[in-house]
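**Student:** Quick one, fold the following:
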Amino acid sequence: MDITEFLKYGFVQRALIAGSFIALLCSTLGVFLVLRRLSLIGDGLAHATFGSVAVAMLFKMSPLYVSIPIVMICAVGILRLTEKFRVYGDAAIGVVSSLGIAAGVMISSVAGGFNVDLFSYLFGSILSISLTEVYISVGLSAVVLFVLSFFYHDLLSITFDEEASKVSGVKTEWMNTLFVLLTALTVVLSMKVVGIMLISALLILPAVTALQVSKSFRSTIAIAALVSVVSVISGTLISFSLDLPTGASIVIVNFVLFSMGLLYKRAAGSA
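**Tutor:** A predicted model of the protein is given here:
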C-alpha cells in the first residue's frame with residue numbers, strides 16, 4: 001500500500017486533521033511556556049492527565065470529558081501553590097505530578113489493572129481518533145488559538161517582564177490563571193496524538209527549534225507551528241510506512257528538526 005492509498009482512509013484523514021490543529025496549538029502555546037521557563041508544567045499536567053484517564057476508565061466515561069476539568073483544577077492548583085503559598089514553581093509541578101501518577105496507579109489497581117485503552121492514552125493512538133474527537137479537538141484548538149491571539153499583547157508583556165506588566169495595568173494574576181487553563185486544555189487534547197508520556201515533547205521541541213533559527217517573536221511562533229505540523233504529518237506517515245508507534249515517531253521527527261536547527265545556528269554563528 002502506497003502513501004496515496006493510505007491517505008484515502010477515513011481514520012488517517014481524521015488523525016491528520018486533528019493532529020495538525022493540535023500541533024498548531026501546542027507549538028503556539030509552547031513558545032510562551034519555554035520563554036516563561038514553564039516548560040515542565042506540560043509534563044506535570046500530563047501526569048495529572050494519567051490520573052484523570054484512570055478515573056474515566058473506572059467509571060466508564062469518556063477520558064476527554066473527565067480529564068478537561070480535572071487537569072484544569074490541577075493547573076490552577078500549581079499556580080496557587082506558587083503564588084499564595086510561595087512554593088517554588090518546579091516543586092509545585094512536582095507535587096501535582098507525583099499525585100497524578102500515584103492516583104492513576106492506585107485507581108488502575110482498583111479498576112483491575114492496566115488495559116489496552118489506558119495504554120493507548122499513555123503512549124498515543126492518533127490513528128484511533130473518532131469523528132467526535134476530531135470535532136472536539138478542532139473546535140477547542142480553534143477556541144484556544146483565538147484566545148491566545150486576542151490576549152496576545154498581554155501574554156507577550158507578562159512573558160518578558162511580569163512586574164512591569166503589572167505596573168502598566170495588565171491584570172497579571174488573571175492572565176496567569178487563563179494561561180495555565182489554556183495549557184491544561186492543550187495537554188488534554190494532545191494525549192491521543194503523542195500520548196501522556198510524550199506530551200511535553202510536543203509542547204517544547206517545536207518552540208526550542210524555532211528559537212534556534214528565528215529573529216523575532218512572531219517568526220518564532222510561525223516556525224514553531226510549521227515544525228510542529230510537519231512533525232505530526234511526517235511522523236504519522238513514517239509510522240505507517242515502517243510499522244512504528246505513531247506518537248514516538250512524531251517526537252523523533254521533532255527531535256531531528258531540533259538537531260537541524262542547532263546545526264543551522266552553529267553554522268550561522270561561525271559564518
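**Student:** Tell me where the model's unsure across this structure.
**Tutor:** Applying pLDDT under 70 to the chain flags residues 1-3, 86, 111-120, 123, 270-271.
**Student:** swap the cut-off to 80 and go again
**Tutor:** 1-9, 11, 83-90, 108-128, 130, 133, 192-198, 200, 240, 268-271 (pLDDT under 80).
**Student:** need the helices for it, in chain order.
**Tutor:** Assigned by DSSP state H, the helices in the chain fall at 3-6, 10-35, 39-58, 63-83, 89-110, 116-123, 131-150, 152-160, 162-167, 172-190, 199-213, 217-242, 246-270.
**Student:** could I get these as CSV with mean neighbour count?
**Tutor:** Backbone N, C-alpha and C define where each C-beta goes, glycine included. Formatted as CSV, these follow (neighbours: other C-beta atoms under 10 Å):
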stretch, mean neighbour count
helix 3-6, 10
helix 10-35, 22
helix 39-58, 24
helix 63-83, 20
helix 89-110, 17
helix 116-123, 16
helix 131-150, 16
helix 152-160, 17
helix 162-167, 14
helix 172-190, 22
helix 199-213, 25
helix 217-242, 20
helix 246-270, 17
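**Student:** residue contacts, the nearest residue to residue 138 once chain neighbours are set aside?
**Tutor:** Leaving aside its sequence neighbours, residue 138 sits nearest to residue 21 (C-beta to C-beta, 6 or more residues apart in numbering; 4.9 Å). By C-beta atoms under 8 Å, 6 or more residues apart in numbering, residue 21 lies in contact with 137-138, 141-142.
**Student:** Out of the residues you listed, which is nearest to residue 220?
**Tutor:** residue 141 (19.5 Å; C-beta to C-beta).
**Student:** Distance of that closest one relative to residue 46?
**Tutor:** 17 Å (C-beta to C-beta, to the nearest Å).
**Student:** Residue 158 now?
**Tutor:** Counting by C-beta to C-beta, the gap from residue 158 to residue 46 is 24 Å.
**Student:** Same check on residue 92?
**Tutor:** 15 Å.
**Student:** Hmm, residue 234 and residue 19 touching each other?
**Tutor:** No - taking contacts as C-beta atoms under 8 Å, residue 19 lies outside contact range of residue 234: 10.8 Å.
**Student:** Now the common contact residues for the two.
**Tutor:** residue 250.
**Student:** Tabulate the contacts of residue 21 (CSV), appending distance to residue 35.
**Tutor:** Supplementary listing: the contacts of residue 21 in CSV, determined by distance: C-beta to C-beta, whole Å:
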residue, distance to residue 35
137, 25
138, 27
141, 21
142, 23
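**Student:** Between the residues you listed, which sits nearest residue 198?
**Tutor:** Closest to residue 198, out of all of those and judged by C-beta to C-beta, is residue 137, at 16.9 Å.
**Student:** Can you name the residues that contact that closest one?
**Tutor:** So residue 137 contacts 18, 21-22, 129, 189, 192 (C-beta under 8 Å, 6+ apart).
**Student:** same thing but at 10 Å, please
**Tutor:** 14, 17-22, 25, 64, 129, 188-190, 192-193 (C-beta atoms under 10 Å, 6 or more residues apart in numbering).
**Student:** One more: residue 65?
**Tutor:** 52, 56, 136, 188.
**Student:** now, the most widely separated pair of those?
**Tutor:** 52 and 136 (15.6 Å).
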